[in-house]
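In: pasting a predicted model and its sequence here:
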Amino acid sequence: MTVLAPPSTPMPARMPLSSHLKEARTRAVRATIALLVGIALGYVLSDTVLEVLRTPITALAESRTASLNYDSVTGAFDLKLKIALFTGIALSSPVWMYELLAFLAPGLNRREKKYTFGFLAAALPLFASGCVAGFALFPHMVELLAGFASSEDTTLLQASYYVDFVLKIVLATGVAFAMPVFIVVLNLLGVLSARTIARSWRIVVVVIVLFSAMVTPAADVLSMFLIAVPMTLLFGAALLIAWWHDRARARKEG
């Protein structure tokens with residue numbers, strides 16, 4: 001008796017290298033165009049952004065001599081370009097991130113796609129919320145740090161250093177708000193267990209309070225709580241997700 005072998009499952013056709021290069025070039029061109037458009041819009045909005053950044057200096061000038069200064073002839077133009085560049089990257093981020101993911105997605109399996117898109121869907125809104133919070137609170141930090149000088153002194157702020165200082169505050173707050181997503185990803189990958197995360201909750205709360213006090217060194221405690229409470233709640237949510245995932249994994253293995 002002759003036994004017929006079952007028909008083999010056809011393997012998906014692989015894209016040749018030339019097609020990969022062509023797709024990469026196409027997506028890179030689209031991302032570059034979006035970035036250039038964003039930079040152009042950022043250059044147009046650079047004066048408005050600089051006026052917002054100058055707000056705490058204007059308030060400081062009411063009690064002492066304070067101004068924003070440039071250390072070279074091209075300093076003002078260089079600052080406008082820096083603001084335009086960062087603004088362009090932020091405005092065009094949905095386009096170039098989509099093009100990057102669309103290029104990498106065919107090489108990921110179902111689980112990797114789920115984790116990747118889930119991570120981005122959660123991390124991006126939290127990062128944006130943190131940046132908005134940092135942008136709203138940086139004037140308090142500038143006011144307090146500059147207040148250590150006597151009212152008889154003159155506060156001269158170098159423009160490029162001042163903008164870098166503000167950007168660091170904004171980015172640090174954004175990363176801090178997105179940190180719980182990294183905790184969840186490490187748990188999904190099996191690196192951190194929910195029990196390990198729960199054991200360190202006291203240390204995490206202390207770090208959150210210290211970080212909130214550093215980025216909101218204002219006289220009122222309300223500003224610190226506006227940062228500390230959301231970050232603590234996000235950490236609690238990350239712990240609950242990790243606990244639920246570990247429990248589901250234990251049931252599946254059992």
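Out: Here it is on my side, so go on.
In: any idea which element Ala66 lies in?
Out: strand 65-69 (DSSP states H and E).
In: helix, strand or coil for the nearest residue to Ala90 once chain neighbours are set aside?
Out: Among residues not flanking Ala90 along the chain, Gly38 sits closest, at 7.4 Å (CB to CB, 6 or more residues apart in numbering). C-betas here are computed from N, CA, C, even on glycine. Using DSSP: H, G, I helix; E, B strand; the rest coil, the secondary structure recorded for Gly38 is helix.
In: kindly report the same for the one 5 residues further on.
Out: Following three-state DSSP, Tyr43 is assigned to helix.
In: would you mind measuring from it to Tyr70?
Out: Per CB to CB, to the nearest Å, Tyr43 is found 17 Å from Tyr70.
In: now Val142
Out: Taken as CB to CB, the span from Val142 to Tyr70 is 18 Å.
In: with neighbour numbers in mind, choose between the two.
Out: More crowded of Val142 and Tyr70, by other CB atoms under 10 Å: Val142, with 22 against 14.
In: how about the more buried one, secondary structure?
Out: helix.
In: helices of the chain, start to end?
Out: Secondary structure of the chain by DSSP state H: the helices cover 17-53, 55-60, 75-104, 110-146, 159-188, 194-199, 201-215, 222-253.
In: what is the mean pLDDT for the fifth one?
Out: This means helix 159-188. Mean pLDDT, computed over helix 159-188, is 84.
In: what is that helix packed up against?
Out: helix 17-53, strand 65-69, helix 75-104, helix 110-146, helix 194-199, helix 201-215, helix 222-253 (3 or more CB pairs under 8 Å, 6 or more residues apart in numbering; DSSP states H and E).
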